[in-house]
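In: need a structure here:
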Amino acid sequence: MAFSEVIKWLKLKPRQVFVEALTTVGVLFLPGQLLTHLGIAGLVEQFRPWIGLVCLVAIAQLALASTAVIRIVREFTANRRSLRKRIRALQDLTPQEQEVLTEYVRNNTKSRFLPADGVIGGLQVKGILYQSSPFGRAGLAFVAPNFSYNIADWAWNHLKRHPELLNYSEVLE
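Out: Coordinates of the predicted model:
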C-alpha cells in the first residue's frame, strides 16, 4: 500500500470510519465458531494484529470527529445565546439610544457620522454600533470630532423587521 493510499484512507468520512470501526470490532470479538462458519477464521487469525491496528485508528478518528462536532455545537449554541442577549439589548434601549438608531432606519443608511459620546459608547459596548474608521471628521470649534459609526448587520435586520422597538411612528410607516 502506497503512502498516498494511507493518507486517503485516513481522510475517510466519519460515517465510513464508523462502519470500519464496527466491522473490525465485530471481526475481532466474534466467537471462533461464527468466524469458522463464515469462513474467515483463518484470515482473521493471520491478520489479527493489522485488523486490531485498523480498529484502533478508526476509533481514534471517531474520537477526533466527535470532538469537532462537539466544538461546532458549542460554537453554535454560544452564537445563539449571544444573539439572544444582543436582541434583548435592542428591546431595552433608552430613549436616546432609540433616537440614534431611528436615524439609521429612517434614512435607510448603515453608516452615520456621530460624536463619540456616552450614548454611542453604550451602543458600541452592546455590539449594536461599531466605529468603522479611526479617523474623525472635524466638528465646530470646541466640539469633539464626529466619527463614522456603522450599525451591525444583525441589529439592522432586526430593527427593519421590528421598527416598533424604536418607538417612532415615521419608522413604522
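
In: in this structure, what secondary structure element scores lowest on mean pLDDT?
Out: Least confident helix or strand, the chain: helix 169-172 with a mean of 48, by mean pLDDT, DSSP states H and E.

In: so where's the longest helix in this structure?
Out: Across the chain, the longest stretch assigned as helix under DSSP state H is helix 41-91.

In: centre of the chain versus that one, how much separation?
Out: 16 Å (Cα atoms, centre = their mean, to the nearest Å).

In: next SSE after that helix?
Out: Next along the chain after helix 41-91, taking DSSP states H and E as the criterion, comes helix 95-106.

In: can you dump the C-alpha coordinates of stretch 103-116 into CSV?
Out: Below are the C-alpha coordinates for stretch 103-116, written out as CSV (Å, rounded to 0.1, in the frame of the first residue of the first chain):
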residue,chain,number,x,y,z
GLU,A,103,-31.9,57.9,12.2
TYR,A,104,-30.3,54.8,10.7
VAL,A,105,-33.6,53.2,9.8
ARG,A,106,-35.4,56.4,8.8
ASN,A,107,-32.6,57.4,6.4
ASN,A,108,-32.1,53.8,5.2
THR,A,109,-28.4,54.0,5.9
LYS,A,110,-26.0,51.8,7.7
SER,A,111,-23.3,54.4,8.4
ARG,A,112,-23.5,57.8,10.1
PHE,A,113,-21.1,60.4,11.4
LEU,A,114,-21.7,60.8,15.2
PRO,A,115,-19.9,62.3,18.1
ALA,A,116,-18.1,59.8,20.4
